[in-house]
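**Student:** Predicted model and sequence below, questions to follow.
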Amino acid sequence: MTALTFRRGGVSLRVERQTLVLAAVMVVLIVGLMVLGLCYGASWMSPARVFDALSGGRGGVYVREWRLPRVVATAVFGMALGAAGAIFQNVTRNPLGAPDVIGLDAGAYTGALFAFTVLSGTAVQLATGSIIGGLVVAGIVYALSLGGGLSGFRLIVIGIALNAMINAINSWIILRVSLDVAIAATGWNQGSLNGLSWGKIQFPIVIIVALLALLALRSYTMHQDSLGAALSVTTGVNARRLRLHLVLLGVGLTATVTAVCGPIAFIALSAPQIGRRLARAPGIPLLPAAFTGAVLLLASDLVAQILLAPVSLPVGVVTTAVGGCYLIWLLSKEVRRR
Amino acid sequence: MSTSRLTARDLTLRYGERVVSTGLTVDVPDGAFTAIVGPNACGKSTLLKALVRLIRPSEGSVSLDGRDVNAFPTKEVARQLGFLPQDPVAPEDIRVRQLVMRGRFPHQTLLSTWSEADEKAVAEAMSAAGVADLAERPVQQLSGGQRQRVWIALVLAQDTSYLLLDEPTSFLDITHQYQLLDLLSRLRNQGRTVITVLHDINQACRYADHLVAMKAGQIVAEGAPVDVVSAELLKEVFDLPCVVVPDPVTGTPMVVPLPGEH
Ligand SMILES: Nc1ncnc2c1ncn2[C@@H]1O[C@H](COP(=O)(O)OP(=O)(O)OP(=O)(O)O)[C@@H](O)[C@H]1O
Ligand SMILES: [Mg+2]
């Protein structure tokens, strides 16, 4: 058999062996990249010294207070972006239907910019602002593409156009504000994991873990929905409610990450597709997408730190450079299919 | 006359501005094999979609046991009405067994997604549809007919009292067509209600207890095939000049088209 079955009392479950293997490999890879992230920084530390520092030894404060929160946040944010990508690609039934492509990141960033420039910019204001921004964009994309249905290519094209417009608005906001606010905001515009401390990430991580837990409860139904509009309903999916829940969860995940780091492009677009191919699982599976997101973001952040060391680039620069090529390839494939 | 748990009253069915049917009323006889026939684009699929609540009638209602189908919890309806669309699309990279398993969804809960009943129903559905040896094959790599039988297995695994099938014989070779129709007859004998769109009128006459002939969104005739099928009906519904003779094997009406003219 290629699958393991678990049955006890009223609980039953079937897991494909290859899913388990992939999950195990991914976890090892994520932990490995996290350790590497702890070793790497302004100066190289051997893994032995890192473990010593973690357990309270010399130089421990630096590792525990700066490098550790950074790698933990990177792993969690990567999972959030990968999962959000899988959500929207499932809802739109389109590999291009990722939050970063259809403007949700940019909209969340507008909301956060508003909180940053007009209000006082506390963590809660940033999170609320970006969630509202993301929801507004989701609403606009939905309203504009109503005629073509959620799965249409139309939604993607509208989203791309909207994304460009919102980016222009964001630049305009930044140009209007005072110089120091603008400098802070542009660094953040490219999606940066620099300077994360426990204080900044505690609240977002709690939110993301909660959203991922809620998502786990909906994931079985989400995968059932990949049967297509007709069979999904006739086999018992309440499609309306599912879509509403998924969009809310997806916007929540995207916006929370954006509130802390600014928009980090292309992880949400590419992780679900890479994860899907690695897992060889049906449709666009959630777990591989989340794990792949973490791996991609951790690896990108290492590259961002190493590339022009000692200057640490915003991770968004790296993901945009790599992901941009991927998007061009995907778009040309999608256009040719029509 | 037989009873009907599933009924449609005065339906107006439309896609946006395009009205397909008005005042459509159907009583699906319980425990019978109903075949819907009619020319392309006459609204057969639209009627099936309305019966399984995929499109909401803009007027009228579809009810099951006297209650509007949209008023039930959706999983409860899904345990009663199984549906095979005319052109289903499989998720990418799915294997046959995984696809058939999805038919079990209405019987599952968050905690129980692979019970012994699920396993048994999937195994039985795959063997009834003749796809047991394909279980581990990717659905995308199957032939059209093999794929069609996988979809049928999915609907069988759903284990519903009603089977609503939109052209289930398409893509199947002649042997598999008759095997499927025999299977549906056996299921009917076990008490299920079968409603299926068929393009082969002779198959419809041979297997159906109740025939529904549609044209331009309306029901032109319905009843037992012997009572309703005639050369006049075929002329009216399909604009096909023909003679109707008794089927040499079953004695049911058999349509033999006349040459030329069409
Ligand atoms: N999604 C849709 N949007 C708009 N019009 C539609 C849609 N689906 C079907 N129609 C139209 O509704 C009418 C009835 O279509 P339907 O699919 O019910 O026909 P049918 O009897 O099943 O035909 P066939 O034998 O070709 O399957 C047709 O004129 C068709 O063009
Ligand atoms: Mg049809």
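**Tutor:** On my side now, so go ahead. Please read all numbers here as calculations on a predicted model, not as lab measurements. Residues are numbered from 1 along each chain as shown, chains lettered A, B, ... in the order given. Ligands and ions are numbered 1, 2, ... in the order given.

**Student:** Okay, now the unreliable bits of the stretch 101-250 of chain A?
**Tutor:** A:145-152, A:186-189 (pLDDT under 70).

**Student:** Strands along that one, start to end?
**Tutor:** Here the stretch 101-250 of chain A has no strands by DSSP state E, counting those that start in this stretch.

**Student:** So which residue is smack in the middle of chain A?
**Tutor:** The residue lying closest to the centre of chain A (C-alpha atoms, centre = their mean) is A:L81, at 0.9 Å.

**Student:** pLDDT wise, what is that one at?
**Tutor:** According to the prediction, A:L81 has pLDDT 97.

**Student:** could you say which helix or strand contains it?
**Tutor:** helix A:68-92 (DSSP states H and E).

**Student:** now for that helix, which elements pack on it?
**Tutor:** Contacts defined by 3 or more C-beta pairs under 8 Å, 6 or more residues apart in numbering or on different chains; DSSP states H and E place helix A:68-92 against helix A:17-39, helix A:198-224, helix A:239-261, helix A:267-279, helix A:286-307. Heads up, the C-betas are built off the backbone N, CA and C, glycines and all.

**Student:** would you list every one of the helices in chain B?
**Tutor:** B:44-51, B:74-78, B:96-101, B:116-128, B:144-157, B:174-189, B:201-207, B:225-228, B:231-238 (DSSP state H).

**Student:** Determine how far the last residue of stretch B:55-64 lies from the first.
**Tutor:** In stretch B:55-64, first residue to last residue: 16 Å (C-alpha to C-alpha, to the nearest Å).

**Student:** Around chain A, pick out the residues from the stretch 151-262 of chain B.
**Tutor:** For the stretch 151-262 of chain B, the contact set with chain A under C-beta under 8 Å from any C-beta of the partner chain comprises B:154, B:158.

**Student:** To B:K49, which of the helices and strands packed on helix A:68-92 lies closest?
**Tutor:** Minimum separation from B:K49 across the helices and strands packed on helix A:68-92 (C-beta to C-beta) falls at helix A:239-261, 14.1 Å.

**Student:** if we can go back for a sec, go through the helix holding A:L81 and flag the buried ones.
**Tutor:** By neighbour count on 16 or more other C-beta atoms under 10 Å in any protein chain shown, the buried set for helix A:68-92 is A:68-92.

**Student:** could you measure A:F88 against chain B, distance?
**Tutor:** According to C-beta to the nearest C-beta, to the nearest Å, A:F88 stands 16 Å off from chain B.

**Student:** Setting the sequence-adjacent residues aside, check what's closest to that residue.
**Tutor:** A:G97 (4.9 Å; C-beta to C-beta, 6 or more residues apart in numbering or on different chains).

**Student:** Contacts only, for the one you found.
**Tutor:** Residues counted as contacts of A:G97 (C-beta atoms under 8 Å, 6 or more residues apart in numbering or on different chains) are A:88-89, A:91, A:155-156, A:159.

**Student:** can you rerun that using 7 Å?
**Tutor:** A:88-89, A:91, A:155-156 (C-beta atoms under 7 Å, 6 or more residues apart in numbering or on different chains).

**Student:** Pull the contacting residues for B:W114.
**Tutor:** A:5, A:12-14 are the contacts of B:W114 under C-beta under 7 Å, 6+ apart.

**Student:** let's go with 10 Å and repeat that
**Tutor:** A:3, A:5-7, A:11-15, B:101, B:104, B:108, B:122 (C-beta atoms under 10 Å, 6 or more residues apart in numbering or on different chains).

**Student:** Take those and write them to JSON lines, including neighbour count and pLDDT.
**Tutor:** What follows is those, written out as JSON lines (neighbours: other C-beta atoms under 10 Å in any protein chain shown; pLDDT from 0 to 100):
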{"residue": "A:A3", "neighbour count": "14", "pLDDT": "88"}
{"residue": "A:T5", "neighbour count": "13", "pLDDT": "92"}
{"residue": "A:F6", "neighbour count": "10", "pLDDT": "92"}
{"residue": "A:R7", "neighbour count": "14", "pLDDT": "92"}
{"residue": "A:V11", "neighbour count": "14", "pLDDT": "93"}
{"residue": "A:S12", "neighbour count": "20", "pLDDT": "93"}
{"residue": "A:L13", "neighbour count": "14", "pLDDT": "92"}
{"residue": "A:R14", "neighbour count": "17", "pLDDT": "93"}
{"residue": "A:V15", "neighbour count": "14", "pLDDT": "91"}
{"residue": "B:M101", "neighbour count": "24", "pLDDT": "97"}
{"residue": "B:R104", "neighbour count": "24", "pLDDT": "98"}
{"residue": "B:Q108", "neighbour count": "20", "pLDDT": "97"}
{"residue": "B:V122", "neighbour count": "24", "pLDDT": "98"}
